[in-house]
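K.L.:
compute the structure for the input listed below.
(chains A and B, ligands or ions: 3)
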Amino acid sequence: MVAEAIQREIDAIVARYPDPRSALLPILHRLQREEGWLSPTAQAWAAERLGLSPAMVQGVATFYTMYNTRPVGRHLIQLCRTLSCELRGSLEIRAALKARLGIGPGETTADGRFTLVEVECLGACGTAPAMMVGEDYYENLTPAGLDAILAALP
Amino acid sequence: MAAFAPVLTRIVGLADAHTLRVYTREGGYRALPMALRQAPAAIVEAVKASGLRGRGGAGFPCGMKWGFLSDPARNPKPRYLVCNADESEPGTFKDRVLLRDNPHLLIEGCAIASYALGVHDCFIYIRGEYAAEARILEAAIAEAKAAGHLGRDIHGSGFDLEIVVHRGAGAYICGEETALLESLEGKRGYPRIKPPFPAVVGLYGCPTVINNVETLCCVPPIVERGAEWFAAIGREKNTGPKLYCVSGHVARPGTYEAPLGITFRELLEEHCGGMRDGRRLKAVIPGGSSTPVLTADEVLDVKLDFDGLAAAGSMLGSAAVIVMDETTDMVRVAFNLIRFYHHESCGQCTPCREGCGWLEKILARFDAGRGRAGEIAQMLDICDNMAFKTICPLGEAARMPTESYLRKFAGEFEARIGAAAVKGN
Ligand SMILES: Cc1cc2nc3c(=O)[nH]c(=O)nc-3n(C[C@H](O)[C@H](O)[C@H](O)COP(=O)(O)O)c2cc1C
Ligand code: SF4
Ligand code: FES
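P.N.:
Ligands and ions are numbered 1, 2, ... in the order given. I've put the predicted structure just below:
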């Protein structure tokens, strides 16, 4: 179920480390890239690959906020809610996203296109307010500028 | 003072600054061969003499930390260098500039430090969200390797080094050095009890040095231009160039390089273009969200370095300066930050896990204008119970600033007791 090409990529990741277990985070990143989340099957595969217990892998997958242990929309929007962003208007951005998408933090649009979550500091405080969509940063956000950003996403 | 010329960000802003071609054209990779011709111990000595203090938060002398690495004659295990590029302290975004626009400076710094420390495997632990920066770093490492600056027998010196970029996955606590090691070993990021310190028992139980990105970026210029040159920048015990990252209500937020010890006034007026919209300054968090807040009166003439900020009752931390104008609601600030710490507490220690939770709950009520009589004292009491009782400094990072808001802006908290000012968020 994990394609052979991905398995080969994962073999290369494991080979980078003195101890194979160190490859767990990168492996989970790689597996998540396929479906947008880490299904129980994907987690079990990672456990098997590294000889770890499934509980151990689940414990890691749930500890880190970037791993989705439930399905998410095609575009995961992560809006920063921490201080520097709030001082420069993240609450207005949240309201604007709600007005345009009709969802609040933690929700997914009915068409499965967007999931919105609020996250802590993204390390882009100088260009606040900031959000991520998938792996891409969007900074210096304004409510008016959101339309163009959302429209450009498939 | 002689005019200061940027050191760490000298090439930032040039087209293709992140490429080997531009870095080399601008004088890069001169320090590495110079270092490889010296004895490793001589480099450790130079770093000591430069006075370089760690740029990751605590300001520990870098050369001294390197000197703690256990002696290979007595401990034959492999030794590791880990670069801390987790950059998750709210307000902090200085390392991102280096990762994105000057990755070869970091790579050269890692290579020199590894040679000085007898390391053959170096890891750069970068926060997972910085996916683009991780790709830039990986490309730069590949370029450096192809040019013979990394890999086997570097420049014919017999020294071998591999650098691996390792992405985190969203957890502030993984910036704490022992949690970072756990995470790098493929586990949850739970801080370890110290001692033993990483210099003795670190990654995979082996001697390990952990340094911040900016710290390692200071190493090539020290080797190339000398410890004395570096020590002449800034002032005694607070030497070298520094990246200040400024966010909040200033006209021009951003990352600015200056000698350690410039005053807040200089930073604000000369670099940041003053306050946004000409408003009045109210308060400043000088070193990232975990450092105590200073009022406008307290901060203006403070020297922004380790000792200057300690004397003012705060800390330089990661030099993440968050500026707040007169419109800022300090109750809301306290709530926003404690919500962060509660979210990010790893949960191992009761005082941190529960203390952050209770503070968040009470501050949420104050934020909504429904504080209760006696709760300010109760919050101070909770802070007191969190002090010095936890495995890692996150407990302190949550309680120290909270206390500072409660004490310095007491009036704003009192005004929310029983008031009916429920707000719409
Ligand atoms: C909760 C917490 C978070 C931290 N986050 C970071 C970080 O993101 N980056 C960093 O370099 N240091 C961070 N530190 C400091 C590291 O533990 C460590 O002191 C530092 O990486 C050492 O490097 P230096 O000596 O070069 O400063 C953090 C510390 C704590 C307690
Ligand atoms: S102080 Fe907080 S973050 Fe640090 S180990 Fe204890 S519970 Fe975890
Ligand atoms: S506070 Fe939003 S990116 Fe740092």
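K.L.:
please make it C-alpha for all contacts and neighbour counts, starting now.
P.N.:
Noted.
K.L.:
what is the burial count for residue 6?
P.N.:
Defaulting to chain A. Neighbourhood size, residue A:6 [other CA atoms under 10 Å in any protein chain shown]: 14.
K.L.:
wait, chain B
P.N.:
16.
K.L.:
just residue B:148 next, same as before
P.N.:
The burial count for residue B:148: 14, using other CA under 10 Å.
K.L.:
closest to the centroid, which residue in chain A?
P.N.:
Among the residues of chain A, residue A:66 comes closest to the average C-alpha position under CA atoms, centre = their mean, at 4.5 Å.
K.L.:
before we move on, what about chain B?
P.N.:
Nearest to the mean C-alpha position of chain B, counting by CA atoms, centre = their mean, stands residue B:56 at 3.0 Å.
K.L.:
so what pLDDT did that one get?
P.N.:
pLDDT for residue B:56: 97.
K.L.:
nearest spatial neighbour of it, chain-adjacent residues omitted?
P.N.:
residue B:212 (4.9 Å; CA to CA, 6 or more residues apart in numbering or on different chains).
K.L.:
ramachandran angles for that neighbour?
P.N.:
Main-chain dihedrals, residue B:212, degrees, to the nearest 10: phi -70, psi 160.
K.L.:
can you pull the contacts of it?
P.N.:
Applying CA atoms under 8 Å, 6 or more residues apart in numbering or on different chains to residue B:212 gives the contacts B:54, B:55, B:56, B:83, B:84, B:85.
K.L.:
hmm, which two among those residues are most spread apart?
P.N.:
B:54 and B:85 (13.1 Å; CA to CA).
K.L.:
any idea how far residue B:413 is from residue B:371?
P.N.:
The spacing between residue B:371 and residue B:413, counted by CA to CA, to the nearest Å, is 8 Å.
K.L.:
what's the burial count for whatever residue of chain A ends up closest to ligand 1?
P.N.:
Residue nearest to ligand 1 within chain A: residue A:123 (9.5 Å; CA to the nearest ligand atom). Residue A:123 has 25 neighbours, counted by other CA under 10 Å.
K.L.:
how near is it to residue B:128?
P.N.:
Relative to residue B:128, residue A:123 is positioned 11 Å away (criterion: CA to CA).
K.L.:
straight-line length of stretch B:51-60, end to end?
P.N.:
Stretch B:51-60: ends 10 Å apart by CA to CA.
K.L.:
just for chain B, where's the confidence low?
P.N.:
Along chain B, the model assigns pLDDT under 70 to residues B:1-2, B:419-425.
K.L.:
any idea which strand is longest in it?
P.N.:
Counting by DSSP state E, the longest strand found in chain B is strand B:241-248.
K.L.:
now residue B:57: closest residue in space that isn't a chain neighbour?
P.N.:
Nearest to residue B:57 is residue B:317, by CA to CA, 6+ apart, at 4.0 Å.
K.L.:
which secondary structure state is assigned to the one you found?
P.N.:
Secondary structure assignment for residue B:317 (DSSP: H, G, I helix; E, B strand; the rest coil): coil.
K.L.:
shouldn't it be in contact with residue B:287?
P.N.:
Yes. At 4.4 Å, residue B:317 and residue B:287 qualify as touching, with contact defined as CA atoms under 8 Å.
K.L.:
who's more crowded, the two?
P.N.:
Under the criterion of other CA under 10 Å, the comparison of residue B:317 against residue B:287 puts residue B:287 first, with 30 against 24.
K.L.:
how about the residues of the stretch 201-350 of chain B by ligand 1?
P.N.:
Within the stretch 201-350 of chain B, the positions near ligand 1 by CA under 6 Å from any ligand atom are B:210, B:211, B:212, B:215.
K.L.:
how about those residues in a markdown table, adding distance to ligand 3 and secondary structure?
P.N.:
Below are these laid out as a markdown table (distance: CA to the nearest ligand atom, whole Å; DSSP: H, G, I helix; E, B strand; the rest coil):
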| residue | distance to ligand 3 | secondary structure |
| --- | --- | --- |
| B:210 | 23 | strand |
| B:211 | 21 | strand |
| B:212 | 18 | strand |
| B:215 | 21 | helix |
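K.L.:
by neighbour count, which of the residues you listed wins?
P.N.:
residue B:210 (29 neighbours).
K.L.:
where along chain A do the strands fall?
P.N.:
Secondary structure of chain A (DSSP E): strands at A:75-80, A:114-119, A:131-133, A:136-138.
K.L.:
and these, which is most packed in?
P.N.:
With neighbours taken as mean count of other CA atoms under 10 Å in any protein chain shown, the strands of chain A reach their highest mean count in strand A:75-80, at a mean of 23.
K.L.:
so what strands line up beside that strand?
P.N.:
strand A:114-119 (parallel), strand A:131-133 (antiparallel) (DSSP bridges).
K.L.:
for the last one, give the mean pLDDT please.
P.N.:
Per-residue pLDDT over strand A:131-133 has a mean of 98.
K.L.:
okay, residue B:38 and chain A: tell me how far apart.
P.N.:
Shown here: residue B:38 relative to chain A, a distance of 29 Å by CA to the nearest CA, to the nearest Å.
K.L.:
right, I mislabeled it, should have said residue B:264
P.N.:
Counting by CA to the nearest CA, the gap from residue B:264 to chain A is 17 Å.
K.L.:
what's the neighbour count on that residue?
P.N.:
Counted by other CA under 10 Å, the residues lying close to residue B:264 total 18.
K.L.:
I'd assumed residue B:300 was in contact with it.
P.N.:
Yes. In this structure, residue B:264 is within contact of residue B:300 by CA under 8 Å, at 5.4 Å.
K.L.:
still on that earlier bit, and the residue nearest to the centre of chain A, backbone torsions?
P.N.:
Dihedral pair for residue A:66: phi -80, psi -20, per degrees, to the nearest 10.
K.L.:
just residue B:123 next, same as before
P.N.:
Here is the backbone geometry of residue B:123 (degrees, to the nearest 10): phi -120, psi 140.
K.L.:
ok, it - contacts?
P.N.:
Residues near residue B:123 by CA under 8 Å, 6+ apart: B:80, B:81, B:82, B:83, B:163, B:164, B:165, B:166.
K.L.:
picking that back up, of the residues of the stretch 201-350 of chain B next to ligand 1, closest to residue B:45?
P.N.:
Checking these against residue B:45 by CA to CA gives residue B:215 as the nearest, at 15.7 Å.
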